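[1] Make a model of this:
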Amino acid sequence: MVAEVRAHQLARCACLYVRQSTLQQVFEHTESTARQYALRARALRLGWADDRIVVIDEDLGHSGASTADRLGFQRLVAEVGLGHVGLVMGLEVSRLARNSTDWHHLLEICALTGTLILDEDGIYDPATFNDRLLLGLKGTMSEAELYVMRARLQGGLLNKAHRGALKLALPIGFCYTPDERVVLDPHLQVQLSIRQLFAAFAATGSACGVVRHFHQHHLTFPRRLRRGPHQGELAWNEVRHEDVLRLLHHPAYAGAYVFGRTRTWKTADGHTHIREVPREEWLVLVYDAHVGYITWQDYERNQEQLAMNSHAYAPKRLSPPREGPALLQGLVLCARCGERMTVRYHQRAGKRVVPDYLCQRQGIASGQSPCQRIPGAALDQAIGDLLVQEVTPQALALTLAMQEQVVQHAEQARRLRHLQVERARYEAELAQRRYLRVDPDNRLVAQILEAEWNGKLRELEEARQAAERDGRTDAYQIGAQERAQLEHVPYQFAQFWAAPETTARERKRVARFLIEDVTISKTEQITAHIRFKGGVTRTLTVPLPPPFAHSRFTPPETLAAIDRLLNEATDAQVAEDLNEHGYQTFEGLPFTASHVSQLRRHHGLVDRYTRLRAQGLRTAEELTEELKVSVQTIWRWYHHGRILGVRYNDRGSCLFRLPEHG
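    Numbering: from 1, shown residues only. From the prediction side, this is the model:
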């Protein structure tokens with residue numbers, strides 16, 4: 001059933017909607033576009049005047065899947081809604097919309113305003129049930145057709161990708177041959193720059209280290225222009241951090257073919273978002289699909305290193321070495337929570353200051369007790385001994401071998417700088433030839449070419465100066481005399497570490513040169529995992545010191561010596577005798593009379609006075625009563641040797657014994 005055209009519809013305009021999905025279809029599929037424009041004649045035959053036919057073709061080159069970027073379709077819907085349109089023309093439903101929501105929205109508005117719809121098959125009135133049902137089915141089939149075509153195209157694309165035959169955009173350092181094989185870029189400087197990047201990462205272990213390496217040696221890095229008038233040409237600039245990460249994460253440099261590393265989707269605002277997915281979600285991964293700059297094992301190792309760098313403790317907060325004796329100040333990490341531990345000092349043995357390593361950041365934040373508190377004196381001593389043991393002739397030989405690798409890397413950098421100079425010279429000569437071939441009368445062109453020539457000459461001179469400057473700072477081969485001097489370094493280092501005049505700050509500086517960090521935990525003993533500069537690790541176990549209360553106990557042999565000496569000496573004399581025989585207090589200090597007196601009273605040892613009284617010695621007052629003389633006479637007799645006096649304290653007080661003949 002064909003809908004009838006009424007007079008009020010002829011009084012309105014007829015809109016011809018023309019659309020092609022892509023610009024390529026617009027230029028190549030011209031027959032489809034011509035068929036759409038030919039619908040104008042259908043409107044003329046139906047009775048519309050030529051000036052009442054409006055052609056809407058702003059959407060040529062836009063997909064019909066959504067109205068977000070189809071301004072022509074939005075204009076059409078607006079005109080229909082205002083009641084200005086009596087007929088909407090489209091070659092087929094798919095030209096008007098590929099989305100059921102957009103299609104049914106248009107049908108609803110056409111039904112309300114009494115607007116007819118015309119396609120290649122006939123005229124329809126959306127206000128009638130049969131025509132509305134038919135148009136709805138056509139819209140549904142058009143939307144399903146879009147998904148079928150997309151599934152067919154994606155299936156063919158994935159099948160080709162699984163075979164590694166799908167041609168993808170290659171990163172810098174690769175190119176396609178005429179038979180579509182992937183090969184290394186024939187530009188020698190490009191190859192050497194990329195190899196230098198991977199070598200620098202292997203040496204430094206971080207992307208920032210690679211950037212610093214390139215900047216310190218004034219090396220440029222290539223990138224191929226993807227758009228603009230110079231598309232496909234090489235541009236040389238300073239390497240950036242994102243450039244290094246992009247190369248390190250790209251599996252193509254390990255010779256692998258990968259498809260589906262990202263997922264793309266659109267949000268309601270029409271914006272496109274791209275997200276990288278983990279390796280287990282990649283659609284295609286083919287190992288050894290083409291030549292590469294590194295092996296797959298190197299690629300895996302690089303990913304592990306990058307992952308470790310990203311999970312490392314971010315704010316290092318390494319303060320300068322201070323005067324305190326804590327050797328590991330700023331280097332200690334808590335093995336329980338991963339936080340950096342701080343230092344707390346306290347006194348031992350009266351004056352000796354010892355460190356404790358305290359993890360309290362989360363405890364302060366949550367009002368809880370510290371995560372760990374680890375005594376540091378024994379740990380510092382063990383790590384100091386380890387450093388002395390590590391600086392050995394064998395370790396020095398390994399360091400010299402690594403220095404040989406540094407020299408080789410410097411030689412590669414020198415070659416790259418030489419290639420930069422050669423490239424700058426070639427570009428300067430090319431600019432010179434262009435200038436010399438220009439007609440002298442064409443002054444405008446001659447001035448531009450002359451300026452370009454002068455610019456290339458300046459770049460050549462800058463490249464030469466940079467090569468000379470960096471060549472003077474490159475690593476050099478160690479000679480035989482220097483090697484002989486380095487053989488004495490382990491012995492000199494041991495002497496330096498053990499020397500009494502070496503300060504705690506100097507030892508800390510040395511420790512920071514050698515140690516990256518130390519992760520410690522405390523159970524029945526202290527376990528320390530030391531990570532040296534360069535990645536070498538060592539593990540130490542240190543016994544816990546005895547509890548503080550136990551450290552204040554005086555050994556029984558010391559108490560026995562005091563008890564024995566009190567038979568013949570005062571407290572001060574006992575302390576002097578103990579010090580002569582190497583005894584010390586629980587604090588590690590020499591004995592004094594007060595120490596002996598405190599220990600005597602605390603442990604219930606019989607004092608000197610009681611011991612002498614038990615031997616029959618009497619006081620001066622007791623003798624005065626017996627001999628009927630004054631106290632002064634007793635002391636005068638004592639000084640003249642007429643009676644025996646024995647001191648029982650350090651103030652000179654005595655007990656006396658009369659001679660047997662007296």
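
[2] can we go C-alpha only for contacts and neighbour counts from here?
    OK.

[3] what does the average pLDDT come to for the helix or strand containing Leu386?
    Assigned by DSSP states H and E, Leu386 falls within helix 377-390. Looking at helix 377-390 alone, the average pLDDT works out to 84.

[4] Check which residues of that helix are buried.
    Neighbour-count burial for helix 377-390 flags Ala377, Ala378, Leu379, Asp380, Ile383, Gly384, Leu387, Val388 (criterion: 16 or more other Cα atoms under 10 Å).

[5] so where's the stretch 451-600 of the chain uncertain?
    470-490, 546-552, 587 (pLDDT under 70).

[6] And the helices in it?
    480-486, 489-498, 504-514, 548-551, 556-565, 571-580, 593-602 (DSSP state H, counting those that start in this stretch).

[7] follow-up on the earlier one: can you show me the CA trace of the helix holding Leu386 as PDB?
    Taking C-alpha atoms only, helix 377-390 is exported to PDB below (Å, rounded to 0.1, in the frame of the first residue of the first chain):
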ATOM      1  CA  ALA A 377      73.800  -1.200  67.200                       C
ATOM      2  CA  ALA A 378      74.500  -4.800  66.400                       C
ATOM      3  CA  LEU A 379      72.900  -4.400  62.900                       C
ATOM      4  CA  ASP A 380      75.100  -1.500  62.100                       C
ATOM      5  CA  GLN A 381      78.200  -3.400  63.200                       C
ATOM      6  CA  ALA A 382      77.200  -6.500  61.100                       C
ATOM      7  CA  ILE A 383      76.600  -4.400  58.000                       C
ATOM      8  CA  GLY A 384      79.800  -2.500  58.500                       C
ATOM      9  CA  ASP A 385      81.700  -5.800  58.600                       C
ATOM     10  CA  LEU A 386      79.900  -6.900  55.500                       C
ATOM     11  CA  LEU A 387      80.900  -3.800  53.600                       C
ATOM     12  CA  VAL A 388      84.600  -4.400  54.500                       C
ATOM     13  CA  GLN A 389      84.200  -8.000  53.400                       C
ATOM     14  CA  GLU A 390      82.500  -7.000  50.100                       C
END
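
[8] The helix or strand hosting Arg152 packs against which elements?
    According to DSSP H and E, Arg152 maps onto helix 129-162. The elements that helix 129-162 packs onto, with contact taken as 3 or more Cα pairs under 8 Å, 6 or more residues apart in numbering; DSSP states H and E, are helix 93-96, helix 100-113, strand 123-124, strand 284-286.

[9] hang on, the earlier thing: redo the buried residues of helix 377-390 as JSON lines? Include distance to Glu238.
    Shown next, in JSON lines, are the buried residues of helix 377-390 (distance: Cα to Cα, whole Å):
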{"residue": "Ala377", "distance to Glu238": "48"}
{"residue": "Ala378", "distance to Glu238": "49"}
{"residue": "Leu379", "distance to Glu238": "45"}
{"residue": "Asp380", "distance to Glu238": "44"}
{"residue": "Ile383", "distance to Glu238": "42"}
{"residue": "Gly384", "distance to Glu238": "42"}
{"residue": "Leu387", "distance to Glu238": "39"}
{"residue": "Val388", "distance to Glu238": "42"}
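
[10] Relative to Arg464, which of the residues you listed is nearest.
    Using Cα to Cα, Leu387 comes nearest to Arg464 of those, at 44.1 Å.

[11] got a list of contacts for stretch 231-250?
    Contact with stretch 231-250 is made by 197-198, 207-208, 210-211, 214-215, 219-226, 253, 299, 302-303, as judged by Cα atoms under 8 Å, 6 or more residues apart in numbering.

[12] and it, how far from the chain's centre?
    19 Å (Cα atoms, centre = their mean, to the nearest Å).

[13] would you put the C-alpha positions of that stretch in CSV?
    Included here for stretch 231-250 are C-alpha records, laid out as CSV according to Å, rounded to 0.1, in the frame of the first residue of the first chain:
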residue,chain,number,x,y,z
GLN,A,231,54.9,12.8,6.9
GLY,A,232,57.2,9.8,6.9
GLU,A,233,60.4,11.9,7.5
LEU,A,234,62.7,11.5,10.4
ALA,A,235,62.9,14.2,13.1
TRP,A,236,65.8,14.2,15.7
ASN,A,237,65.1,15.7,19.1
GLU,A,238,66.0,15.1,22.7
VAL,A,239,64.7,11.9,24.1
ARG,A,240,61.8,12.1,26.5
HIS,A,241,60.7,9.9,29.4
GLU,A,242,57.6,8.8,27.5
ASP,A,243,59.7,7.9,24.5
VAL,A,244,61.8,5.5,26.6
LEU,A,245,58.8,3.9,28.2
ARG,A,246,57.1,3.4,24.9
LEU,A,247,60.1,1.6,23.5
LEU,A,248,60.6,-0.5,26.6
HIS,A,249,57.0,-1.6,26.7
HIS,A,250,56.6,-2.3,23.0
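
[14] rewinding a little: and the helices of the stretch 451-600 of the chain, which is most packed in?
    helix 571-580 (a mean of 19; mean count of other Cα atoms under 10 Å).

[15] Tell me what angle it forms with helix 593-602.
    Going by axes from the mean of the first three to the mean of the last three Cα atoms, to 10 degrees, helix 571-580 is angled at 100 degrees with respect to helix 593-602.

[16] So which other helices or strands are in contact with helix 571-580?
    Using 3+ Cα pairs under 8 Å, 6+ apart: helix 571-580 touches helix 556-565, helix 593-602.

[17] CA atoms of the first one as CSV?
    Below are the C-alpha coordinates for helix 556-565, written out as CSV (Å, rounded to 0.1, in the frame of the first residue of the first chain):
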residue,chain,number,x,y,z
PRO,A,556,78.2,-13.6,89.6
GLU,A,557,81.9,-13.8,89.2
THR,A,558,82.1,-10.0,89.6
LEU,A,559,80.1,-10.2,92.8
ALA,A,560,82.3,-13.0,94.1
ALA,A,561,85.4,-10.9,93.4
ILE,A,562,83.9,-8.0,95.4
ASP,A,563,83.0,-10.2,98.3
ARG,A,564,86.6,-11.6,98.4
LEU,A,565,88.2,-8.2,98.1
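
[18] how close does the closest residue to Glu79 other than its chain neighbours get to Leu10?
    By the measure of Cα to Cα, 6 or more residues apart in numbering, the closest residue to Glu79 outside its immediate chain neighbours is Val85, 6.3 Å from it. As judged by Cα to Cα, to the nearest Å, Val85 and Leu10 stand 9 Å apart.

[19] These two: who's more crowded?
    Taking other Cα atoms under 10 Å, Val85 and Leu10 do not tie; Val85 has more neighbours (27 against 18).

[20] right, and the more buried one touches Arg75 too?
    No: when contacts are counted by Cα atoms under 8 Å, Val85 is not listed as touching Arg75 (11.4 Å).

[21] distance between the ends of stretch 109-126?
    End residues of stretch 109-126 are separated by 9 Å (Cα to Cα).

[22] Name the residues of it that come out as buried.
    So for stretch 109-126, counting by 16+ other Cα under 10 Å, buried means 109-110, 113-119, 123-126.

[23] Which members of these define the maximum pairwise distance?
    Top of the distance list for these (Cα to Cα): Thr113 and Asp119, 18.7 Å.
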